[in-house]
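In: Curious how this folds, go ahead:
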Amino acid sequence: MEKEKCTILVIDDEQSIRRLLEKELVIPYRDVLTAACGKDAKKILKNHWVDVIIMDLRLPDVEDLQLLIEVKESVAYVEVIMITGHGDVDSAVEAMKYGAYDFIQKPFNLDRLELVIEKAHQRVLMARENSILRHNRDLDKQKVQFIGKSESIRDIKFLINKVAPAKIPVLITGESGSGKDVVARMIHERSACSSRELIIKNCASLQKELARSELFGHAKGSFTGANESREGLMSYAHDSTLFLDEIGELSLGVQASLLRVLESHKYRRVGEKQERKVNVRLLFATNRKLAEEVEEGRFNEAFLHRINAFNIEIPPLKERKEDLPLLVDYFLIRLSPDNSSYKIVDRAMSCILRYSWPGNIRELRNVIERSIILAENNIITERCLPRELVSAAEESHAALSLDLVEKRHILKMLHFFEGNRQKTSEILGISRKTLYRKLALYNQ
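Out: Numbering: from 1, shown residues only. The predicted structure is shown next:
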C-alpha cells in the first residue's frame with residue numbers, strides 16, 4: 001500500500017539543526033521545508049500545505065508560545081512537535097496544553113523523532129479523513145442549497161421557502177450561470193411533490209418545429225416522421241414539477257399553449273382534438289428582459305403577466321462578492337478528487353475577489369475545477385488561474401486605485417477652499433455638475 005505523502009516544516013534558528021533534519025528526515029514520500037524564524041515560517045505556511053511542524057521552543061523573533069498558538073488557530077490538520085533544551089521541560093509540557101503533539105529534548109534521538117513524526121502524521125490523516133466523512137454525511141442529509149450569506153441570497157432563500165408550498169408558477173430571472181436551476185430545484189424539493197422527479201428542459205435546445213411535440217406529445221401520423229404516438233414532458237411531469245429554462249426561446253404559439261395549461265390545467269397532444277387534464281407545477285427561467293421582448297412582439301404579454309405572478313431575481317455574482325469565499329470553499333470540496341483537501345493562497349483569492357465574473361457561478365466553478373488540476377502539492381496559486389482572469393483582476397485593482405487617488409485629491413481641494421465648490425471645480429478644471437456628481441458618489 002502506497003504511503004500518504006507528508007510535508008514537514010522544521011523551524012529552528014540553528015542552521016546545523018535545520019541541515020541535519022533536512023538531510024535525515026527526507027525519504028521518498030516526504031518533503032522537508034525549513035525556516036530560521038517565525039516570520040519565515042508564516043510565509044511558508046501561507047503557500048504550502050504542511051502536515052507536521054518541528055519547532056524550536058525558543059525562536060529569536062517569537063515570544064514564548066505565540067507561534068504555536070497562531071499555528072493551531074489558523075492552520076487546519078497540522079501537528080506540532082516541540083524541540084526543547086534540558087531546562088525547558090516545564091515549558092514543553094505547557095506547550096502541549098496549547099496543542100503541541102509532543103516534545104523532543106536536545107540532543108534528540110533521530111529514531112525516536114521518526115516514531116513521533118509518524119504518529120503525528122497518522123493523527124493528521126485520521127483527523128482529515130474524519131472531517132471528510134462528517135462533511136459527506138452532512139451533504140447526504142442536506143437538500144440542494146444556494147451558497148451564500150449576503151443579504152440578497154438571504155432574501156432569495158426567504159422567497160423560496162414562502163413560495164415552495166404554493167402551486168403558483170414562478171419566474172426565475174438572472175444572468176446566464178447565476179444559479180437559476182438551483183433555485184428551481186430548491187423550490188421543488190420544498191414543495192408537496194418533492195417525492196417525485198423534477199422534470200427539466202432547456203427551451204434553447206428545442207427545435208422550433210418540434211417544441212410543441214416535445215412539451216405536449218403527439219399522435220401517430222400527426223406530422224412527417226411521427227411514426228408512433230409519443231408522450232410529452234407535460235405528461236411526464238404530471239403530479240410533479242416542470243422547470244422550463246430559457247423560456248424566451250419558445251415561439252408565441254407554444255407560449256399561448258402553455259398559458260392555457262396555466263389557466264385550465266389542460267393541454268392537447270399534437271394531432272389530437274381531445275384535451276387532457278394535467279396537474280403540474282410550472283417553473284420558468286430566463287436571462288432575457290421579457291418586458292422588452294413583449295414590446296418587440298417576441299413574447300406573449302398575457303403569458304408574461306401569468307408567469308410573473310411570483311418573480312425571483314438572482315443578482316449577478318459581481319454584486320455579491322462577499323459570497324465568493326463560501327463558493328470557493330464549496331467548489332474546492334465538491335470538485336476535489338478522492339476527497340483531497342486544497343488550499344488557495346491569498347494572492348489567488350485576491351484575484352478571484354477583484355474579478356467581475358461575467359459568467360457568474362458557472363464560470364467560477366469551471367475556474368476552480370481547472371485550478372485543482374493545475375495545483376501542486378494541493379496549493380492553488382495565481383498561476384493556476386486563467387491568465388485573462390488575473391489580468392482583468394489586476395486592471396480592476398489599478399482602476400480602483402486611480403479612483404481612490406482622484407477621490408482623495410478632490411476632497412483635499414474641497415477642504416482647502418473650505419467647501420467652496422465653485423473654486424474647487426475651477427482649480428480642478430471640471431464643471432460644477434461633474435464635481436457634484438463625484439461628490440455624490442463619495443457621499444459628500
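In: Look up how far residue 67 lies from residue 105.
Out: Counting by CB to CB, to the nearest Å, the gap from residue 105 to residue 67 is 19 Å. C-beta: built from backbone N, CA, C; applies to glycine.
In: hmm, I was thinking of residue 126
Out: Applying CB to CB to residue 126 and residue 67 gives a distance of 25 Å.
In: Between these two, point out the one with more neighbours.
Out: residue 67 (22 against 11; other CB atoms under 10 Å).
In: Hmm, residue 53 and that one touching each other?
Out: No: contact criterion CB atoms under 8 Å: residue 67 and residue 53 do not qualify, at 9.2 Å.
In: joint contacts of these two?
Out: 11, 41 (CB atoms under 8 Å, 6 or more residues apart in numbering).
In: what number of residues lie near residue 380?
Out: Residues near residue 380, counting by other CB under 10 Å: 23.
In: same check, this time on residue 337
Out: Neighbours of residue 337 (other CB under 10 Å): 8.
In: Wait, it touches residue 372, no?
Out: Yes: under the criterion of CB under 8 Å, residue 337 makes contact with residue 372 at 7.4 Å.
In: which SSE is residue 438 in?
Out: Assigning secondary structure by DSSP states H and E places residue 438 in helix 432-441.
In: can you check residue 172 too?
Out: strand 170-173.
In: wait, isn't residue 103 in contact with residue 90?
Out: No: Residue 103 is not in contact with residue 90 according to CB under 8 Å; the separation is 10.8 Å.
In: can you tell me which residues contact the residue nearest the centre of the chain?
Out: Closest to where the C-alpha atoms of the chain average out (CA atoms, centre = their mean) is residue 327, at 1.6 Å. The neighbours of residue 327, taking CB under 8 Å, 6+ apart as the test, are 147, 148, 361, 364.
In: Tell me which helix or strand in this protein has the weakest average pLDDT.
Out: Sorting the helices and strands of the chain by mean pLDDT, DSSP states H and E puts helix 387-416 at the bottom, at a mean of 68.
In: same for the helix or strand just after that helix, what does it pack against?
Out: Per DSSP H and E, the first helix or strand lying C-terminal to helix 387-416 is helix 421-428. Counting contacts by 3 or more CB pairs under 8 Å, 6 or more residues apart in numbering; DSSP states H and E, helix 421-428 is packed against helix 387-416, helix 432-441.
In: any weak-confidence spans in the stretch 1-150 of the chain?
Out: Scanning the stretch 1-150 of the chain for pLDDT under 70 picks out the ranges 1-3, 86-87, 131-144.
In: What ranges does it have for its helices?
Out: Remark: helices assigned in the stretch 1-150 of the chain by DSSP state H, counting those that start in this stretch are 15-25, 38-47, 66-74, 89-97, 110-141.
In: Out of these, which gets nearest to residue 305?
Out: Closest to residue 305 of the helices of the stretch 1-150 of the chain, according to CB to CB: helix 110-141, at 39.7 Å.
In: Would you indicate which residues of whichever helix or strand comes after that closest one are buried?
Out: Following helix 110-141 in sequence order, the next helix or strand is helix 151-163 (DSSP H and E). By 16 or more other CB atoms under 10 Å, the buried positions in helix 151-163 come out as 153, 156, 157, 159, 160, 163.
In: I'd like the mean pLDDT over helix 151-163, please.
Out: Helix 151-163 shows a mean pLDDT of 95.
In: so what secondary structure elements neighbour it?
Out: helix 180-189, strand 311-313.
In: check contacts around the closest residue to residue 357 other than its chain neighbours.
Out: The shortest distance from residue 357 to any non-neighbouring residue, by CB to CB, 6 or more residues apart in numbering, is to residue 317 (4.3 Å). Contacts for residue 317 (CB under 8 Å, 6+ apart) come out as 178, 323, 324, 357, 360, 361, 364.
In: Equivalent analysis for residue 249, please.
Out: With CB under 8 Å, 6+ apart, residue 249 has these contacts: 203, 204, 206.
In: is it possible to export the contacts of residue 327 to CSV including distance to residue 187?
Out: Formatted as CSV, the contacts of residue 327 follow (distance: CB to CB, whole Å):
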residue, distance to residue 187
147, 17
148, 17
361, 18
364, 23
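In: and those residues, which are buried?
Out: If we count by 16+ other CB under 10 Å, these have these buried: 147, 148, 361, 364.
In: between those, which is nearest residue 440?
Out: Of all the buried ones among the contacts of residue 327, residue 440 sits closest to residue 148, with 29.6 Å by CB to CB.
In: burial of the nearest residue to residue 26 once chain neighbours are set aside, as a residue count?
Out: Distance criterion CB to CB, 6+ apart; nearest residue to residue 26, sequence neighbours excluded, is residue 32 at 5.2 Å. Residue 32 has 19 neighbouring residues, counting by other CB under 10 Å.
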